[in-house]
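[1] structure here, sequence nowhere to be found:
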Ligand SMILES: Nc1ncnc2c1ncn2[C@@H]1O[C@H](COP(=O)(O)OP(=O)(O)OP(=O)(O)O)[C@@H](O)[C@H]1O
Ligand SMILES: [Mg+2]
């Protein structure tokens, strides 16, 4: 399950400031016209130049998956390539860990691409005459890594994508989905901290695509790279993105968490973009709730509760009374705190004002409860009894997936783990 990054943690690894890119000869003039209020199409008519990206400012935090989404031609690929300077900006700056890359020499930029910033294209650009392993370790070869070390890291990466032991196959022997896995393994093997991905899964059929998304999230949960991910698929964006930037005609029209975008679309364009996600209206909390792995009883002491939480790997736990009516929620830090201060009862650690919903509450109303806090939400039935919990991951899956696929129960501690950053 996707994990969340505390906002601001580690600051912006990538920062784009008013990035613009015009294709054609009259770059400055085109931007001037655009700034004076002319549309992209009008500028194109008047100058013959195309505005690929216009005034894009954003920050990508360390370890986050930042998704760029928009219709075809909206500027996603151009924006991605501006980040690693495969395309030069007409105006604006890109900072990497605080350093402006616009001013670096071409040689230094190539070095950064090699060492720090991998790129994965839609058609991975695998070398057909090389073996799977040689393809994967190609980047390492360029980095000057020794043969033995290359082999080791290549095999580890193959293992990660579920292709262990298949390194000696030729690329031409693989299916499309397998090729995609090799491409992903190659990006993983090089160990670059930043990964730029341009529609890496879009050539796959929906089922394999979903597998790849899950695989990617799993690996990302372990390795935690900073990822900028381009897609034109909203479901994919919501599933993968910690934050999502929506582009229109070269501009970023909204940046926010999936919850923020679904609950407060910035304008009509974004609204139209997300209107397909209407499961929010027709599905209810019941459909995505899971059993809490463990609960705490109000009458218990902090030591026993903390121990139970540790064993189950939970960082928060719902508290009920002896009739299983919801009392509140405890976070592990709070329980540890009162334990340390010598209190015998759990009482002082219980947050009694936690939000709860009913089984028949529409997901649309559940969603806003996750905008501010990522803790699970209690589902409370007859006479206030705790019937289940909704964790963030399952909620998002429930919003973006029709019917059956969601019924498969999610790990109850998904949201709990999300908090453990
Ligand atoms: N090399 C180029 N020369 C001229 N115009 C270009 C070039 N590359 C992109 N453009 C234009 O810039 C705009 C943005 O293109 P871009 O490829 O970034 O869109 P995209 O969002 O990635 O689209 P898609 O979803 O189809 O990949 C489009 O209007 C496109 O026609
Ligand atoms: Mg593109």
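    Arrived safely, thanks for sending. These figures come from a predicted structure and were not determined experimentally. Ligands and ions are numbered 1, 2, ... in the order given.
[2] ok, the residue in the stretch 251-400 of the chain that ligand 1 sits nearest to - contacts?
    Here the stretch 251-400 of the chain gets closest to ligand 1 at one residue, residue 251, 11.1 Å apart by C-beta to the nearest ligand atom. Using the backbone N, CA and C atoms, a C-beta is placed for each residue, glycine as well. Listed by C-beta atoms under 8 Å, 6 or more residues apart in numbering, the contact set of residue 251 reads 53-56, 75.
[3] same deal with residue 165?
    Residue 165 neighbours (C-beta under 8 Å, 6+ apart): residue 158.
[4] which SS class is it?
    What DSSP: H, G, I helix; E, B strand; the rest coil gives for residue 165 is coil.
[5] can you list the buried residues in the longest helix anywhere in the chain?
    Longest helix in the chain, counting residues (DSSP state H): helix 206-223. For helix 206-223, the neighbour count (16 or more other C-beta atoms under 10 Å) marks 208-213, 215-217, 219-220 as buried.
[6] in those residues, which has the lowest confidence score?
    In this model, the minimum pLDDT among these belongs to residue 208 (79).
[7] one step back: mind checking pLDDT for the residue of the stretch 251-400 of the chain closest to ligand 1?
    At residue 251, the model reports a pLDDT of 96.
[8] from residue 18, how far out is it?
    Distance of residue 251 to residue 18, computed by C-beta to C-beta, to the nearest Å: 11 Å.
[9] common neighbours of these two, please.
    What both residue 251 and residue 18 touch, as defined by C-beta under 8 Å, 6+ apart, is the set 55-56.
[10] now do the contacts for the residue positioned nearest the centre of the chain.
    Nearest to the mean C-alpha position of the chain, by C-alpha atoms, centre = their mean, lies residue 241 at 2.6 Å. The contact partners of residue 241, by C-beta under 8 Å, 6+ apart, come to 65-67, 229, 257-258.
[11] just the ones of those residues in strands?
    Counted as lying in strands by DSSP state E, out of the contacts of residue 241, are 65-67, 229.
[12] contacts only, for the residue in the stretch 101-250 of the chain positioned nearest to ligand 1.
    Ranked by C-beta to the nearest ligand atom, the top residue of the stretch 101-250 of the chain for proximity to ligand 1 is residue 232, at 5.0 Å. By C-beta under 8 Å, 6+ apart, the contact list for residue 232 reads 69-72, 76, 199, 202.
[13] give me that answer again for 10 Å
    For residue 232, the contacting residues are 68-72, 74, 76, 199, 202, 247, by C-beta atoms under 10 Å, 6 or more residues apart in numbering.
[14] least confident of those?
    residue 202 (80).
[15] isn't that one up against residue 236?
    Yes - contact criterion C-beta atoms under 10 Å: residue 202 and residue 236 qualify, at 8.4 Å.
[16] burial count for the nearest residue to residue 194 once chain neighbours are set aside?
    Using C-beta to C-beta, 6 or more residues apart in numbering and skipping residues adjacent in sequence, the residue nearest residue 194 is residue 117, 4.4 Å away. A count of nearby residues for residue 117, using other C-beta atoms under 10 Å, gives 23.
[17] you'd agree residue 117 is up against residue 139?
    No - at 11.4 Å, residue 117 does not count as touching residue 139 under the criterion of C-beta under 10 Å.
[18] where's residue 330, which helix or strand?
    According to DSSP states H and E, residue 330 maps onto strand 326-331.
[19] residue 353 too?
    Assigned by DSSP H and E, residue 353 falls within no helix or strand.
[20] surely it and residue 373 touch.
    No - applying C-beta under 10 Å, one finds residue 353 not in contact with residue 373, separated by 11.5 Å.
[21] which residues touch residue 136?
    126, 130, 150-151, 153-158, 161, 163, 167, 182-190 are the contacts of residue 136 under C-beta under 10 Å, 6+ apart.
[22] how about a cut-off of 8 Å?
    By C-beta under 8 Å, 6+ apart, the residues touching residue 136 are 154, 157-158, 167, 182, 185-186, 189.
[23] name the residues that touch the strand holding residue 330?
    296, 298, 305, 315-321, 346, 349-354, 356, 375, 378, 380, 384-386.
[24] go on, stretch 140-154?
    Contacts to stretch 140-154, defined as C-beta under 8 Å, 6+ apart, come from residues 114-115, 133, 136-137, 167, 185, 189-191.
[25] from the residues you listed, which is closest to residue 285?
    residue 185 (38.7 Å; C-beta to C-beta).
[26] so what's the closest one closest to, chain neighbours aside?
    For residue 185, the closest residue by C-beta to C-beta, 6+ apart turns out to be residue 157, at 4.1 Å.
[27] for that neighbour, helix, strand, or coil?
    Three-state assignment for residue 157 (three-state DSSP): helix.
[28] confirm for me that it is in contact with residue 183.
    No - Residue 157 is beyond contact range of residue 183, at 10.9 Å (criterion: C-beta atoms under 8 Å).
[29] the more surrounded of those two?
    It is residue 157, of residue 157 and residue 183, that has more neighbours when counted by other C-beta under 10 Å, with 27 against 23.
[30] separation between the more buried one and residue 30?
    Relative to residue 30, and taking C-beta to C-beta, residue 157 is found at 43 Å.
[31] tell me how far stretch 23-33 lies from the chain's centre.
    34 Å (C-alpha atoms, centre = their mean, to the nearest Å).
[32] a helix runs through residue 55, doesn't it?
    No - with three-state DSSP as the criterion, residue 55 is assigned strand and is not in a helix.
[33] three-state assignment of the closest residue to it other than its chain neighbours?
    Leaving aside its sequence neighbours, residue 55 sits nearest to residue 18 (C-beta to C-beta, 6+ apart; 5.2 Å). Put simply, residue 18 is strand when judged by three-state DSSP.
[34] and residue 18, what does it touch?
    Neighbours of residue 18 in contact, by C-beta under 8 Å, 6+ apart: 55-57, 91-93.
[35] what of residue 301?
    344-346.
[36] tell me how many other residues surround residue 368.
    Residue 368: 14 surrounding residues under other C-beta under 10 Å.
[37] next one: it relative to residue 260, how far apart?
    Residue 368 sits at a distance of 9 Å from residue 260 (criterion: C-beta to C-beta).
[38] then residue 36?
    Counting by C-beta to C-beta, the separation of residue 36 from residue 260 is 31 Å.
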